[in-house]
Each structure stands twice: as structure tokens, then as C-alpha cells.
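>>> Fold the following for me, if possible:
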Amino acid sequence: MYHLSIIEVDMPYWKKMYVEMTSAERRDRIVEIVTKASLRLLKKKQAEAAGHGTETPWEKLQKFNAAAAAARGEKAFFEIWGG
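Residues are numbered from 1 along each chain as shown. Predicted coordinates:
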């Protein structure tokens, strides 16, 4: 039953029920899901190694706000409040 939840989460449009699949179809589907997840993780790790994608959403927001405030000649909100 664990694989059923993986299929539902990863591919909600997947029409064929897990119990209706042959063992070969189940294996292929699980391999497909794991492969996609592995590729996403690999791309993320490569981006981090290259120095991209290491910022948290909060850090990105702070940089954006600082740049916008600097363009207006003001201090950014997080600088005013010490965040």
C-alpha cells in the first residue's frame, strides 16, 4: 500500500489503480518515480555545488527588499527592525 500513496502523490493524473497493474507495470512505475526523484535531487545538488540555489526563501526576500529599498534611497524593512 505504500507504493499506492507514492503514485497518488507523485502523479495524481495516473489513472490505472495500483491493484490493477501487473507486477511489471508496478515495477516500471516505481522505477519511474524513483528515477525522477533522483534526478531532481541530483540537479539540486549540482546547483548547490555551483553556488546556485543555496539561499533560503527568506534570504532571497531580504536581498530583494534591500535592492528595492536601495533603489528608493531608503533602508530595507529588515534593517530598520534588526532582522
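>>> can you list the domain ranges for the protein.
Described in terms of automatic domain parsing, the domain architecture of the chain consists of the residue ranges 1-52, 53-83.
>>> for this protein, where's the lowest mean pLDDT among helices and strands?
Ranked by mean pLDDT, DSSP states H and E, the helix or strand of the chain with the weakest confidence is helix 2-10, at a mean of 50.
>>> averaged over its residues, what pLDDT does the helix or strand containing residue 66 have?
In this structure, residue 66 is located in helix 57-72 according to DSSP states H and E. Averaged over helix 57-72, pLDDT sits at 82.
>>> which parts of it are buried?
Neighbour-count burial for helix 57-72, with 16 or more other CB atoms under 10 Å as criterion, is recorded at 62, 69. C-betas here are computed from N, CA, C, even on glycine.
>>> Just the CA trace of it, in CSV.
The C-alpha coordinates for helix 57-72 follow below in CSV (Å, rounded to 0.1, in the frame of the first residue of the first chain):
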residue,chain,number,x,y,z
PRO,A,57,13.3,32.0,0.6
TRP,A,58,13.8,34.4,3.5
GLU,A,59,17.3,35.3,2.3
LYS,A,60,16.0,35.9,-1.3
LEU,A,61,13.3,38.1,0.1
GLN,A,62,15.8,40.1,2.2
LYS,A,63,18.1,40.6,-0.9
PHE,A,64,15.1,41.7,-3.0
ASN,A,65,13.9,44.2,-0.3
ALA,A,66,17.4,45.6,0.2
ALA,A,67,17.8,46.2,-3.5
ALA,A,68,14.3,47.8,-3.8
ALA,A,69,15.0,50.0,-0.8
ALA,A,70,18.4,51.0,-2.1
ALA,A,71,16.8,52.0,-5.4
ARG,A,72,14.4,54.2,-3.5
